[in-house]
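Novice: Pasting a predicted model and its sequence here:
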Amino acid sequence: MKDYTFAFQDWAAEGEKGNGFKTFFIDGCFDRFNNLSKTPLPEHPFSTRMTRIEYNQKGKALDRFYLTKSEMKQMEAVVERLPDECTHIVKLTGKYFSEALPKHLAFISQMPNLPILGLQARGKKYMGWSSELFMMKRSLMKDVLHRSQWHRTEEWLDNVRKIVQDVGGERLIHFFPMFTLKRVVERSGDHTVMSWL
């Protein structure tokens, strides 16, 4: 919780600067916790400074390599519920913050031809492309979320990369540079200590 709290404070502060992008968050466990708790919280602890996308995860809170179905459902909620003006979605696991990333996102938003897919420097992991951070055109994400069932989000993302390359080559893909994290955090999937994305 401490990792998420620090990162959310930083992202909320960035969102308040008006850098050309809007910040939102989705939390699949909060409503479930409130439904089970004897003393429910009146509101999400992060919702005072950043807009929460309403989503109620049906399954229990998960850890390690069993997150893909939940991640896909969360992305479906994001695609459906973001404001109409949000044409591109940057997905970032909530406990990560890099001071260089907001500047890079502002740079991307000024490109004359926005890429339809953005992948991180960490590259291939777990039979696919690393999924802690990626960017995707909203209409593309809406289309490819329902194409097939994947065991891992990384496999799904790698399949999207192959589709985009087949259609338009790498000119439609933005490869993010390496982003050093402000705070080192532990990845949930395999407990790797992460210092960069």
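Specialist: Thanks, I have the structure now.
Novice: Can you show me the strands along this structure?
Specialist: For the chain, the strands defined by DSSP state E cover 24-25, 51-52, 88-92, 117-119, 124-125, 128-129, 133-137, 173-175, 180-186, 193-196.
Novice: Would you mind pulling the contact partners of the longest one?
Specialist: This points to strand 180-186. Strand 180-186 has contacts (C-beta atoms under 8 Å, 6 or more residues apart in numbering) with 3, 6-7, 10, 95-100, 192-197. Where C-beta positions appear, they are placed from N, C-alpha and C, glycine not excepted.
Novice: Mind giving me the PyMOL select for those, buried ones only?
Specialist: A single PyMOL command selects the buried members of the contacts of strand 180-186 (16 or more other C-beta atoms under 10 Å):
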select buried, resi 3+7+10+95+96+97+98+100+194+197
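Novice: Could you tell me which of the contacts of strand 180-186 belong to helices?
Specialist: Using DSSP state H, the members of these that fall within helices are 3, 6-7, 10, 100.
Novice: out of those, who's nearest residue 187?
Specialist: Of all these, residue 187 sits closest to residue 3, with 10.5 Å by C-beta to C-beta.
Novice: What residue, apart from its backbone neighbours, is nearest the closest one spatially?
Specialist: Leaving aside its sequence neighbours, residue 3 sits nearest to residue 95 (C-beta to C-beta, 6 or more residues apart in numbering; 4.0 Å).
Novice: Distance of that neighbour relative to residue 131?
Specialist: 14 Å (C-beta to C-beta, to the nearest Å).
Novice: again with residue 27
Specialist: 18 Å.
Novice: quick one, which of those two is more surrounded?
Specialist: Set residue 27 next to residue 131 and count neighbours by other C-beta atoms under 10 Å: residue 131 wins out with 24 against 20.
Novice: tally of neighbours for the nearest residue to the more buried one once chain neighbours are set aside?
Specialist: In this structure, residue 131 finds its nearest non-sequential neighbour in residue 153, 4.5 Å apart by C-beta to C-beta, 6+ apart. A count of neighbours around residue 153, defined by other C-beta under 10 Å, yields 24.
Novice: Helices of the chain, start to end?
Specialist: Counting by DSSP H, the helices of the chain are 2-17, 30-36, 68-81, 100-109, 138-144, 153-168.
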